[in-house]
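S.K.: Quick check, what structure comes out for this input:
(chains A, B and C)
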Amino acid sequence: MAWVRLSEAEKVYIAHGVQEDLRQDGRSCEDYRCIEVETDVVSNTSGSARVKLGHTDILVGIKAEMGTPKLERPHEGCVEFFVDCSANAAPEFEGRGGEELGTEIANTLYRMFNNESSLDLKALCISQAEHCWILYVDVLLLECGGNLFDAISIGVKAALFNTRIPKVRILEDEEGSKEIELSDDPYDCIRLNVENVPCIITLSKIGHRHVVDATLQEEACTLASLLVSVTSKGLLTGMKKVGKGSLDPESIFEMIETGKRVGKAVHVSLQEILNKEESLGKQRQKVGFLG
Amino acid sequence: MAGLELLSDQGYRLDGRKAVELRKIQARMGVFAQADGSAYIEQGNTKALAVVYGPHEIRGSRSKALHDRAVVNCQYSMATFSTGERKRRPHGDRKSSEMTLHLKQTFEAAILTQLYPRSQIDIYVQILQADGGNYCACVNAATLAIMDAGIPMRDYVCACSTGFIEDTPLVDLCYVEEAAGGPQLALALLPKSEQIALLEMNSRLHEDHLEKVLDAASKACRDVYAVLDRVVRDHVQEVCTLLGE
Amino acid sequence: MPGDSRRIRGPEESRCPLLYALPESPQAPEQARTEPRPLYARAGLLSQAKGSAYIETGGGGGGTKVLSGASGPREAERRDGPGLRGARLVCEFRWAPFARLGPRCGVGTALERELSLALQESLEPAVRLERYPRAQIHVWVLVLEDRGSAFASALSAASLALADAGIEMYDVVVGCALSRGPGGCLLLDPSDRDEGRPKSGGCLTLALMPALNQVCGLLCNGEWTEESLSQAVRLCMEGCHRLYPVLQQCLVRATKRKISVPQSGPA
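M.R.: You can find the predicted model right below:
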């Protein structure tokens, strides 16, 4: 991870501030930085989104391709995650330097989505055991300003909301050979239901309290963090502890409660933004990186 | 594709441009706060992002340090979702390595590396959407990013790609025109001194036509220079206003 | 080969036989279990590795067998990591190719890398890394047979191996797993039948340092509500406390064995 060198005095200063519920930029322990979300920024994809969380900048692109379903799940499509920590974010990520972090984030995403209700994979199936849609979710990390997991999960949810998969028909010949026909109409498409897509909330333990949405400096003072993945209904789909330190069991229960509360709030505001963008439709001015 | 002409009889191309027209260029400097210099450029549908770190101490082995100049280190990578078909690896394949080398060559010619001995300048370019003219968009974006980082250069480096069809040079090719397979020339030019930093040509072109194509490419590069200059001046004005001077 | 009449050709198109396998007969749902299965642990069994441990749980009908080894501290490869004041702990978690049901299931996949990283993050709080600056400690875990809760056994085995290797630690790390049945009942130390159920509510693995009562590792997936998750964490902690004396006894026995053997060969 791109890191920041802090002296002991600076770490103590941050820890004392957190104790008083006052962080370096004036936020309280449960406040997020300003999040900017914009969908449909890349036109080559089936769906895309850009998330800017403080100094963290993420671009998510989803491409839907046809393939064969997995052997043990013949009536479902599948989702493949790939995270690219580009050298833009930190010079250490040049060449193969960013692969380790990228696989860690991708594995976490797999774990959080590895349950029945997050994504309706049955909607991605075209014909059982033969054809299905495979969604390639590609995350591009452009700038690293702390709290990567949260930003990436918000980006993935926004991009999934924006995804348009063309409808497909299977025509059967007399000999029995099947042909797949893609509908020509660009508006005739399947949209995915993202109600139950989870968002990851990172709770970092600094001193005796935990904070949400840590910046790079705060991450340097953190002993241990807990990643909690929450859906909009308050269900927890995954949990993981990261970091070199250990956690008290009482802190874990507190963190779970905070994570659930904060997660629900994040989902509500994200859904508002996505609905607003959707309602503007064609008139929306696409800003992208130019704004 | 049957019936799709790259240049119609009236002189219009596939996207309605004339043979000497460039695509719309929109650019912005200072996109990221944490990097030393950054820039974003959109040339038609091609979107490129460039980030510059440096000059700083050489990372890794000290043996690569040059005693009288700075080392220019580049990396070119394309996002996996940038092309029509999904790319498996963002960088590391042959095409990316070749582009990286070209970028390095281009900017070693333009940056005043003698001012920073024993240090390193990193230029990282990312293509977010590829629609032809990838190398040229990268060079233009990297020029703006280096300016944003405050690293002194001899001159702007402006690049443009040119093709040749039916005795007419076509300027600033899009993806469909590139894929058609005709001759393509990529030119990176230092506009004021009219010096060429990089010249690359694919396919076959008769010697007699070379002069015509090169002239068209130089003219296009000078047009790009006019646009980039405007962008830089606007940005500097904005920054000065914000600083209150 | 064309025109080879003696060779019997197979079908041109072939499919995996599992597609045509009969669906499994529904099994009787397990009652909630609040005690971990009996565990056998032995440390110091490999002569080549500096420290080693073997753990077997389950028992009758095949159980989970995990082998772990530790070596170090050795000189670290030169890598300029800022803020790295102690040793580097390098962990590797692997399944043997014959460990799970199904062809080479889970071997070499992203899951192994994820669990290796989770193993490292769970063991780091327990090992006194600052006592070995600029050094590297290797831990590897090999799952010989996986019949449920392999990662939990791997955590216990790895910490036993580290202790056996003589590396200073704050406490032994005990791992315990739990899975949630379809009816919502919580099953401690699930067997592979319980874990692999398609409609299972989720799995949770917890790593605990019982003497200090600190959680050093937590990994969970599936769908949980807040109350069921808190209850699951508490159950897992109780399970860890139950397993702790077994691991302590194992280390005591291993030490006695080392003392009683006269000093011959590498100690």
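S.K.: Leaving out chain neighbours, which residue sits closest to B:D122?
M.R.: Of all residues not flanking B:D122 in the chain, B:Y53 sits nearest, at 4.3 Å (C-beta to C-beta, 6 or more residues apart in numbering or on different chains). Heads up, the C-betas are built off the backbone N, CA and C, glycines and all.
S.K.: so what strands line up beside the helix or strand containing the one you found?
M.R.: Take DSSP states H and E as the rule and B:Y53 turns out to sit in strand B:46-57. Paired strands of strand B:46-57, with direction, are strand B:37-43 (antiparallel), strand B:119-129 (antiparallel) (DSSP bridges).
S.K.: CA atoms of the first one as CSV?
M.R.: In CSV, the C-alpha atoms belonging to strand B:37-43 read as follows (Å, rounded to 0.1, in the frame of the first residue of the first chain):
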residue,chain,number,x,y,z
GLY,B,37,2.1,16.3,-11.9
SER,B,38,-0.9,14.8,-13.6
ALA,B,39,-3.0,15.5,-16.7
TYR,B,40,-6.0,14.0,-18.5
ILE,B,41,-6.7,14.3,-22.2
GLU,B,42,-9.6,13.3,-24.4
GLN,B,43,-9.0,13.1,-28.1
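S.K.: for it, which positions count as buried?
M.R.: B:G37, B:S38, B:A39, B:Y40, B:I41, B:E42, B:Q43 (16 or more other C-beta atoms under 10 Å in any protein chain shown).
S.K.: SS state for the nearest residue to the fourth one once chain neighbours are set aside?
M.R.: If you skip the residues right next to it in sequence, B:Y40 has A:F289 as its closest partner in space, 4.2 Å away by C-beta to C-beta, 6+ apart. Applying DSSP: H, G, I helix; E, B strand; the rest coil to A:F289 yields a three-state assignment of coil.
S.K.: Now do the most centrally placed residue in chain B, the pLDDT please.
M.R.: Among the residues of chain B, the one closest to the centroid is B:V139, at 2.2 Å (C-alpha atoms, centre = their mean). If you check B:V139, the pLDDT there is 95.
S.K.: Next, the angle from the helix or strand that it is a member of to strand B:119-129.
M.R.: For B:V139, the host element (DSSP H and E) is helix B:134-149. In terms of direction (axes from the mean of the first three to the mean of the last three C-alpha atoms, to 10 degrees), helix B:134-149 departs from strand B:119-129 by 130 degrees.
S.K.: tell me the angle of whichever helix or strand B:D229 is part of relative to helix B:134-149?
M.R.: Using DSSP H and E, B:D229 falls within helix B:207-243. In terms of direction (the same axes, to 10 degrees), helix B:207-243 departs from helix B:134-149 by 30 degrees.
S.K.: which helices and strands sit right next to helix B:207-243?
M.R.: Helix B:207-243 sits against strand B:25-29, helix B:134-149, strand B:158-165, strand B:168-171, strand B:184-190, with contacts defined as 3 or more C-beta pairs under 8 Å, 6 or more residues apart in numbering or on different chains; DSSP states H and E.
S.K.: which one of these lies closest to chain C?
M.R.: helix B:134-149 (23.4 Å; C-beta to the nearest C-beta).
S.K.: ranges for the strands of the stretch 101-250 of chain A?
M.R.: With DSSP state E, counting those that start in this stretch as the criterion, the stretch 101-250 of chain A has strands at A:125-127, A:131-143, A:164-166, A:168-172, A:178-182, A:189-191, A:199-206, A:209-212, A:224-230, A:236-243.
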